[in-house]
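> Sequence and computational prediction follow.
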Amino acid sequence: MRRSQEPGRATAVALLGMGLASALAPYLGTVLKGVDPVLPFTLSGVSLALGTLGFVAWEARQRPANCLSPAMSAGRKPW
């Protein structure tokens, strides 16, 4: 998120996702109470993978691959 052109938007989306997950957790806990325990772990793993892939794709579209940051073009390490 720190390499994006609009870092505030990425932070807002991440916080919105965490807020929605926190709001839905109690409801899903009661709905999945009598279900096999493998199902909630599978659902959480799939949702984590989809979220990660979404953020990776979003970050890749933020700037072209041949564009270097000023820190990298000056020969310094970005951290």
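Noted; the coordinates are in hand.

> what helices or strands is the host helix or strand of A21 leaning on?
In this assignment (DSSP states H and E), A21 forms part of helix 7-31. Using 3 or more Cβ pairs under 8 Å, 6 or more residues apart in numbering; DSSP states H and E as the contact criterion, the elements in contact with helix 7-31 are helix 38-62. Bear in mind the C-beta positions are built from the backbone N, C-alpha and C, glycine included.

> So for the helix it packs on, mean pLDDT?
Averaged over helix 38-62, pLDDT sits at 87.

> So that it lines up with my notes, have the first residue be 170 from now on.
In the new numbering, first residue 170, that becomes helix 207-231.

> what angle separates it from helix 176-200?
Angle of helix 207-231 versus helix 176-200, following axes from the mean of the first three to the mean of the last three Cα atoms, to 10 degrees, is 170 degrees.

> Return the list of helices and strands in contact with helix 207-231.
helix 176-200.

> buried stuff in the helix it packs on?
A179 (16 or more other Cβ atoms under 10 Å).
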